[in-house]
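>>> predicted model, plus sequence, below.
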Amino acid sequence: MRPVHLPKLLIGLRFAIAPLLLLDASDRQTGLFFVIAYVIAIVSDIFDGIIARRLGVSTAQLRQADSWADICLFLCLAASVWLVFPNVIATFKTPLLLAVAAQLALFTLSLLKFGKFPSFHTYTAKLWGLALLVATVGLFGFGYDQLVWLAIVLCLINSLEEIIMTLLLPVWQCDVLSLFHACKLRQTLRTDKLAPL
């Protein structure tokens, strides 16, 4: 196997793990496999981008595939929580609905403006992913649900930041790390557009 294919394999691994999580939760109970598999999926998410940049293969297409793998993983995780811990869904119903609405607003706005899903991979998205990892391990490993609050709050913060970034940027971009970076990129794009040929 050539090293340049490693990021694709890591993304593929995440696509493969997602339905396995849902399958494990289908009988409304999970074990150690669920927690280990989810941790492996998140580790793959962390390293696919790092390795791709080191190897010089971090293309827009690869980063979009990475985003699709994240969506698949998080949807299967949400369905698993609904199956195994319906009481958690009931307890956090309102903030969860707000988080879902914020994400849907972001995706809808990006589709309407650019015809593509967002793929910013911001710092707040990374923090949200880590918070979700901790909350998931706490919930599925120890039955502790209070860390869900942290994941929801960071989801809302990330969604708001990326909505503003989507409104600011004139063209679709991937790997824009923060609102600050988006503002600088917007200025650069405007300057390039105004520059004489």
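Good, I have the coordinates.

>>> run through who's touching the helix or strand hosting Asp66.
Assigned by DSSP states H and E, Asp66 falls within helix 60-84. Helix 60-84 has contacts (CB atoms under 8 Å, 6 or more residues apart in numbering) with 7-8, 11-12, 14-15, 17-19, 21-22, 24-26, 28-30, 34, 38, 41, 45, 48-49, 52, 88-89, 116-119, 121, 129, 132, 136, 139-140, 174-175. C-beta: built from backbone N, CA, C; applies to glycine.

>>> what subset of those is buried?
Among the contacts of helix 60-84, those scoring as buried are 7, 11, 14, 17-18, 21-22, 24-25, 30, 34, 38, 41, 45, 48-49, 52, 88, 118-119, 121, 129, 132, 136, 139-140, 174 (criterion: 16 or more other CB atoms under 10 Å).

>>> give me the pLDDT value at Lys193.
With respect to pLDDT, Lys193 has a value of 65.

>>> equivalent analysis for Arg2, please.
64.

>>> give me the domain ranges for this protein.
1-84, 86-197 (automatic domain parsing).

>>> buried residues in the least confident helix or strand in the chain by mean pLDDT, which are they?
Ranked by mean pLDDT, DSSP states H and E, the helix or strand of the chain with the weakest confidence is helix 179-194, at a mean of 86. If you call a residue buried by 16+ other CB under 10 Å, then helix 179-194 has these buried ones: Leu179, His181, Ala182, Leu185, Arg186.

>>> packing partners for it?
Using 3 or more CB pairs under 8 Å, 6 or more residues apart in numbering; DSSP states H and E, the elements in contact with helix 179-194 are helix 148-168.

>>> could you give the angle of the helix it packs on to helix 60-84?
On the basis of axes from the mean of the first three to the mean of the last three CA atoms, to 10 degrees, helix 148-168 is oriented at 150 degrees to helix 60-84.

>>> ok and helix 148-168 relative to helix 179-194, angle-wise?
Going by the same axes, to 10 degrees, helix 148-168 makes 10 degrees with helix 179-194.

>>> distance check, the spatially most central residue of the chain against Thr191.
Geometric centre of the chain, nearest residue: Asp70, 4.8 Å, by CA atoms, centre = their mean. Distance, Asp70 to Thr191, by CB to CB, to the nearest Å: 32 Å.

>>> please apply the same query to His181.
The gap separating His181 from Thr191 is 16 Å, by CB to CB.

>>> what are the buried residues along the particular helix or strand that has Ile50 in it?
Per DSSP H and E, Ile50 falls inside helix 32-55. The neighbour-count check on helix 32-55 (16+ other CB under 10 Å) flags Phe34, Val35, Ala37, Tyr38, Ala41, Ile42, Ser44, Asp45, Asp48, Gly49, Ile51, Ala52 as buried.
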